[in-house]
Structures are given as structure tokens and as C-alpha cells.
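Peer 1: missing the sequence, but the structure's below:
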């Protein structure tokens, strides 16, 4: 852009989103500068969490996830009517909960459910929100009995979670916006349930889908790995 042309917020977000699409997380975050609007903060939260995914050092990984949670909560404070703020809070907390002790894990599990249900109340057709809800069902359904009992205390009863519900939510995510990530995660659940034919078909379909975002490319890499190395 010409130096005489003032950069609009939409142009700034588009430039940052383009960097994210290339997998340049740090540069994408930097492109948002000191912007503390909800739209900037929830993007920073999501991309910081994905930086955590790419980080090998376990201590740094947790630091990035906690930073992502903090950014997401600030985005909610800036605009709690913006569904993406709640969605990205759920994503950040969902990533963090696998790296915490029992008490925090239980609280984060409830937080993820609360955040993502709020996001879906605001925007019922957001693919990523349905994906997160599906992953919540998958994760809670797989928890051991002591953890589920701890969850029952904070939920006021045993939370309803199942692989069947996970499949339903992940399918809804793909119907809202066709994406390899939801298709691959749905395939994994199908495989674990013994529905291997459906799982294989889903993984093969994922390889034909768009790969314009890092998360889609990662999902397709997983699909190739599963097709090659799982027992079919």
C-alpha cells in the first residue's frame, strides 16, 4: 500500500490473516501491533495457542497456552457479544487443560463447554465452534472414572458426553464449512468405535479438501499417516 493510503482495520486484519494462512504465526501476531480491540485480541489468542502447538519445549508450550487464555479473556472483556472471543477462549483453554493438574483440568473442562456454548448461541453456523464442541465430547467421553467423578461435582451431575455426540458435532462443523480438520477428527472417532470403513472413507475424502490453512494441512498430514499406518 502507498504510504499516502491509510491502512483500514479490515486491511490490517486481512494482511494478518494472510500471514497466518502461510503458517507465519509470529509475523501475523506482530502485524496486529498494539491493537487491543476484541477482533485483534481473539486473533492473537488463537495464533498464540497455535504457536504453542508448534513448540517442542513443554514449559514454553504451557506459557504460550496461558498467554493465549489471557488474550482470549481480554477479548471477551472488550466485546462479549463477539462469538469469536468466546470460541477462541474455548480453544485456548482446551489446549491448556492437557497440561495441568486435576483441579485445574476439571475447571478448564467446564470453562471450555461454557465458552463454546456461548459462542454457538451467538453464531449457530460457525464451523470451528461446532468442531470445538465435538472435540469436547470426544475428550470428556475418554476421561477416566476419577476425572469424570470430579467433573460431576463442578457440573452438578455427570456431564453428558459421548462419541456419538462428538461425531454429530464434527459432522455439523463440516456442513457449516467443509474442512479437513473436522473430517479427520470425525474419522478418528469412527475408527475408535470400530467403524473403520467409514473412517477410511473420511480420511481419503479429507485429502481432496482445501489446504489453505495450517490446521488443514496438519489434518491432511495426519490423514496420510493414519491411512498408511493404522490397521484397516
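Peer 2: On my side now, so go ahead. Quick caveat, the model's predicted, so the values are computed rather than measured. Numbering: from 1, shown residues only.

Peer 1: okay, the residue nearest the centre of the chain and residue 116: tell me how far apart.
Peer 2: Geometric centre of the chain, nearest residue: residue 91, 4.3 Å, by C-alpha atoms, centre = their mean. Using C-beta to C-beta, to the nearest Å, one gets 9 Å for the distance from residue 91 to residue 116. All C-beta atoms are positioned from the backbone trio N, CA, C, and that covers glycine.

Peer 1: which positions in the lowest-mean-pLDDT helix or strand in the chain come out as buried?
Peer 2: Averaged element by element with mean pLDDT, DSSP states H and E, the chain has its least confident helix or strand at helix 145-155 (a mean of 93). Buried residues in helix 145-155, defined by neighbour count with 16 or more other C-beta atoms under 10 Å: 148, 150-151, 155.

Peer 1: so which helix or strand takes in the nearest residue to residue 198 once chain neighbours are set aside?
Peer 2: Nearest residue to residue 198 in three dimensions, chain neighbours excluded: residue 190, at 4.8 Å (C-beta to C-beta, 6 or more residues apart in numbering). Element membership of residue 190, judged by DSSP states H and E, is helix 180-192.

Peer 1: quick check: mean pLDDT across the very next helix or strand once past that helix?
Peer 2: Next along the chain after helix 180-192, taking DSSP H and E as the criterion, comes helix 196-206. The average pLDDT for helix 196-206 rounds to 98.

Peer 1: just the helices in this protein please.
Peer 2: All helices of the chain, identified by DSSP state H, fall at 9-21, 25-31, 38-54, 58-78, 83-96, 102-122, 127-141, 145-155, 163-176, 180-192, 196-206, 214-229.

Peer 1: ranking those helices by burial, who's on top?
Peer 2: Most buried of those by mean neighbour count (mean count of other C-beta atoms under 10 Å) is helix 83-96; its value is a mean of 26.

Peer 1: how far away is the residue nearest to residue 198 from residue 92?
Peer 2: Distance of residue 190 to residue 92, computed by C-beta to C-beta: 27 Å.
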